[in-house]
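A.B. asks: Dropping the sequence and predicted coords here.
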Amino acid sequence: GAGVSQSPSNKVTEKGKDVELRCDPISGHTALYWYRQSLGQGLEFLIYFQGNSAPDKSGLPSDRFSAERTGGSVSTLTIQRTQQEDSAVYLCASSLTDRVSYEQYFGPGTRLTVT
Amino acid sequence: RKEVEQDPGPFNVPEGATVAFNCTYSNSASQSFFWYRQDCRKEPKLLMSVYSSGNEDGRFTAQLNRASQSVSLLIRDSKLSDSATYLCVVNRRGGYALNFGKGTSLLVTP
């Protein structure tokens, strides 16, 4: 079946612009996560959604970052007033439920470059 | 201190060799542990979960040592296709999201 999809695959933007990154989780997966991976760094947790519960935003690095999940499915990560340090690969993952033992399936990521 | 620490390597080993990776985690309350594999410029994929009693999946063996707060991965009879970055992963404090180590790079050579 279809895996997690993300768009765009690559995004180049100028410093100060806003960007929106999209994630389509695997159908039926109720939990959705956003991570980012900067060059030479490990994956860094950003935000987590589970059903209709309030999201866990504890990983968002600043208030320039926000995310929504509409209808319990598609999610959009928005970065306002982008900075060069925002350049990274943004990865979305979904899992069947929010039990931590369930495998998280990752999308191919969006490579963001801020010039 | 990072939540999950790994030796970045690279580990260069010949085909057929046995190689072991270790990582340490800082949160003693962590409950779930995993090894993920990430190929160059690809997304991470689950290699195996790590159970308290240790577990094996073919050529791969994972161990958890709660006393030393460490997790290990042993790969026997290395194949060229094992070349990748191996990520040690631990659940975040009080939550379901994951903390990833920076990964250990493995290169298996002919």
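C.D. replies: Cool, the structure landed. Numbers count the residues shown, from 1 in each chain, chains lettered A, B, ... in the order given.

A.B. asks: where along the chain do the strands fall?
C.D. replies: This is for chain A. Remark: strands assigned in chain A by DSSP state E are A:5-7, A:10-13, A:19-24, A:31-37, A:43-50, A:65-69, A:75-79, A:88-95, A:105-106, A:110-114.

A.B. asks: sorry, should have said chain B
C.D. replies: Counting by DSSP E, the strands of chain B are B:4-6, B:11-14, B:19-25, B:33-38, B:45-50, B:55-57, B:60-65, B:70-75, B:84-91, B:98-100, B:104-109.

A.B. asks: Mean neighbour count, distance to chain A and mean pLDDT added to the ones you listed, as a markdown table?
C.D. replies: Backbone N, C-alpha and C define where each C-beta goes, glycine included. A markdown table is the format used below for the strands of chain B (neighbours: other CB atoms under 10 Å in any protein chain shown; distance: least, CB to the nearest CB, whole Å; pLDDT from 0 to 100):
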| stretch | mean neighbour count | distance to chain A | mean pLDDT |
| --- | --- | --- | --- |
| strand B:4-6 | 21 | 7 | 94 |
| strand B:11-14 | 14 | 17 | 96 |
| strand B:19-25 | 19 | 11 | 95 |
| strand B:33-38 | 22 | 8 | 94 |
| strand B:45-50 | 18 | 5 | 93 |
| strand B:55-57 | 12 | 13 | 93 |
| strand B:60-65 | 18 | 14 | 96 |
| strand B:70-75 | 20 | 15 | 97 |
| strand B:84-91 | 24 | 5 | 94 |
| strand B:98-100 | 24 | 4 | 89 |
| strand B:104-109 | 18 | 11 | 96 |
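
A.B. asks: Turn the ones you listed into CSV, columns for distance to residue A:36.
C.D. replies: Shown next, in CSV, are these (distance: least, CB to CB, whole Å):
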stretch, distance to residue A:36
strand B:4-6, 16
strand B:11-14, 26
strand B:19-25, 20
strand B:33-38, 14
strand B:45-50, 18
strand B:55-57, 29
strand B:60-65, 26
strand B:70-75, 23
strand B:84-91, 14
strand B:98-100, 11
strand B:104-109, 20
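
A.B. asks: can you put the strands of chain A in JSON lines and add mean pLDDT?
C.D. replies: Shown next, in JSON lines, are the strands of chain A (pLDDT from 0 to 100):
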{"stretch": "strand A:5-7", "mean pLDDT": "97"}
{"stretch": "strand A:10-13", "mean pLDDT": "98"}
{"stretch": "strand A:19-24", "mean pLDDT": "98"}
{"stretch": "strand A:31-37", "mean pLDDT": "94"}
{"stretch": "strand A:43-50", "mean pLDDT": "92"}
{"stretch": "strand A:65-69", "mean pLDDT": "96"}
{"stretch": "strand A:75-79", "mean pLDDT": "97"}
{"stretch": "strand A:88-95", "mean pLDDT": "95"}
{"stretch": "strand A:105-106", "mean pLDDT": "94"}
{"stretch": "strand A:110-114", "mean pLDDT": "97"}
